[in-house]
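1. From the sequence below, what's the structure:
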Amino acid sequence: MTIYQVDAFNTKIFKGNPAAVCPLTAWISTELMQSIAEENNLSETVFFVKNNDYFEIKWFTPTCEIDLCGHATLAAAHIIFTELNFEHSIIEFHSKSGILTVKKNEDWYTLNFPSEEIKEIETPSILKQVLNVPILKTYKGKWKLVVELENETTVLNLNPNFSLLAELESNGIIVTSKGDNFDFVSRFFAPKIGINEDPVTGSAHTLLIPYWAKKLNKTNLEAIQLSKRVGILKCKHLNERVEISGQAITYLKGELTL
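-> Model prediction:
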């Protein structure tokens, strides 16, 4: 089985978010895909199978299968375009989150994903304890919490207790604020599903883009995820959908011996 590793949402090796990409000719067992993802020990390993004019796609963290992943979808599209000689400019993926598309425009890839609604909630006491900074507002999506903080510096300097953070019911915690040089900034923590901090999280922006578009009264936004590896995202709010654009670079190509 051929395997690639791609750094997504950046153009430099060792930046952005690394994802393992495994093209398949037919589906293998869920147990084997999970074992490969655990062995890779990256935030995501993505598998896909070509089916006529579209691709079926699945994503795995080291501990579980998930419904949606932005950076691994971008990584998969990058490999389909650059290594598998895909002749069209738009890829259609069929997934647990419905139909997703990725459009190539020179060295940028634009993901079209469903947006996700969030509702304001009272901030959980454990979250106040873990973050230990002033929290402006807390919102709840389907699986994630969105936490707005005072400013970019506060987001950048956070050093949460991941063991305590894993006790929250939500699978992921997105911390965000208005940016100094970008429209908004964020970081993403998901210790409950085996990822203390994800470097660049496309799926988190399906919640963040509608939120900041409304707050800033803008349709087109530029965002940065302030992890150590850093990721740059160009965003567009389309009401029930969002567009997330990023770049990618291939780090390795190899073979799995199973």
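2. List the buried residues for stretch 6-20?
-> 6, 7, 8, 9, 10, 15, 16, 17, 18, 19, 20 (16 or more other Cβ atoms under 10 Å). C-beta coordinates here come from the backbone N, C-alpha and C atoms, glycine included.
3. Verify the assumption that the fifth one is located in a strand.
-> Spelled out, that is residue 10. No. Residue 10 is assigned coil when assessed by DSSP: H, G, I helix; E, B strand; the rest coil, not a strand.
4. Surely it touches residue 231?
-> Yes. Counting by Cβ atoms under 8 Å, residue 10 touches residue 231, with 5.9 Å between them.
5. can you give me the strands for the stretch 1-150 of the chain?
-> 2-8, 17-24, 44-51, 54-60, 65-66, 90-95, 98-105, 108-114, 119-121, 135-140, 144-149 (DSSP state E, counting those that start in this stretch).
6. let me redo that: the stretch 151-258 of the chain
-> So, for the stretch 151-258 of the chain - with DSSP E, counting those that start in this stretch - the strands run 172-178, 184-190, 195-198, 220-225, 231-238, 241-246, 248-255.
7. quick check: angle from the first one to strand 184-190?
-> Following axes from the mean of the first three to the mean of the last three Cα atoms, to 10 degrees, one obtains 170 degrees for the angle between strand 172-178 and strand 184-190.
8. Show me the contact partners of strand 172-178.
-> Strand 172-178 is contacted by residues 127, 131, 143-152, 154-155, 158, 165, 184-190, 192-193, 198, 201, 204, 207-208, 211-212, 216 when judged by Cβ atoms under 8 Å, 6 or more residues apart in numbering.
9. and if you look at the last one?
-> Residues outside strand 248-255 that contact it (Cβ under 8 Å, 6+ apart) are 1-13, 16, 18, 74-75, 78-79, 82-83, 109.
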